[in-house]
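Engineer: dropping a prediction and its sequence here:
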Amino acid sequence: MRRKDREMSREFGLGIIDKSRYGLLSMVDGDMPYGLPLSIVRDGDNLYFHSAMEGRKVELLAQYPNVSLAFVGEVRVPDNYTRDELDEIIKDQARIPLLTSSVFTTEFESAIVRGRVHLVEDREEEIKAMMLICQKYTPSKMEYFDLAVESGLKRAYVYRIEIDEITAKRKKYDGQGKEMKWARME
């Protein structure tokens, strides 16, 4: 990671995965990258998603099981300076770089995972993974899960990605408009 001052802990990265609504799965497709957003859930050091039983993704995962996933947490444009403060900043040539670093910028948090995909073939693990996915995305409908899972698994594959490596990064400002570097939380 080039910006070590923005690097966050493994636990922070796992938290990003848990709260992200989707992850972007990147795979190899010959000499071209192939990526798509997926609904993903984490259980320990494993990530799970489901898929149709055929298609380009299924073919590529069977051929090239090493993958990368990107997750994005909170994103916002900070408002670090008032109009009067900005008018003062532009009067001093030495302070002009603040416009790039603290005005025309975005706060963000992200996690990147590298891992290996496995088709889940154990029935209990398939059901557990689907339950975790449904608990994340449709928690108010879980009373219908047992009826739906048997029907759904007849038409879907479940995949597990073992997390080999995770990196997390964040850009965030405190209440005084100072960037919180080196994993500073407050």
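Structural biologist: Done, it's in. Numbering: from 1, shown residues only.
Engineer: drop to CA atoms for contacts and neighbour counts, all remaining ones
Structural biologist: OK.
Engineer: for this protein, name the helix or strand with the lowest mean pLDDT.
Structural biologist: Least confident helix or strand of the chain, by mean pLDDT, DSSP states H and E, is helix 97-98 with a mean of 83.
Engineer: just checking, next helix/strand downstream of it?
Structural biologist: strand 107-119 (DSSP states H and E).
Engineer: longest helix in the protein, please.
Structural biologist: Using DSSP state H, we find that the single longest helix of the chain is helix 123-137.
Engineer: what residues does that one touch?
Structural biologist: For helix 123-137, contacts defined as CA atoms under 8 Å, 6 or more residues apart in numbering pick out 39-41, 48-50, 120, 142, 145, 149, 153, 158.
Engineer: give me the residues contacting the least confident helix or strand of the chain.
Structural biologist: Residues outside helix 97-98 that contact it (CA under 8 Å, 6+ apart) are Ile89.
Engineer: measure the residue nearest to the spatial centre of the chain to Asp79 for me?
Structural biologist: Taking CA atoms, centre = their mean as the criterion, Phe71 is the residue nearest the geometric centre of the chain, at 1.3 Å. Phe71 sits 24 Å away from Asp79, taking CA to CA, to the nearest Å as the criterion.
Engineer: circling back to that earlier point, list the contacts of the residue nearest to the centre of the chain.
Structural biologist: For Phe71, the contacting residues are 16-17, 20, 22-24, 110-112, by CA under 8 Å, 6+ apart.
Engineer: could you point out the helix or strand that follows the strand or helix carrying it?
Structural biologist: Per DSSP H and E, Phe71 falls inside strand 66-76. Moving toward the C-terminus from strand 66-76, the next helix or strand (DSSP H and E) is helix 83-89.
Engineer: C-alpha coordinates for that next one, CSV please?
Structural biologist: Presented in CSV, the C-alpha positions along helix 83-89 are these (Å, rounded to 0.1, in the frame of the first residue of the first chain):
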residue,chain,number,x,y,z
ARG,A,83,-16.4,30.3,2.6
ASP,A,84,-14.6,32.9,4.7
GLU,A,85,-11.8,30.5,5.6
LEU,A,86,-11.4,29.5,1.9
ASP,A,87,-11.2,33.1,0.9
GLU,A,88,-8.3,33.6,3.4
ILE,A,89,-6.6,30.4,2.2
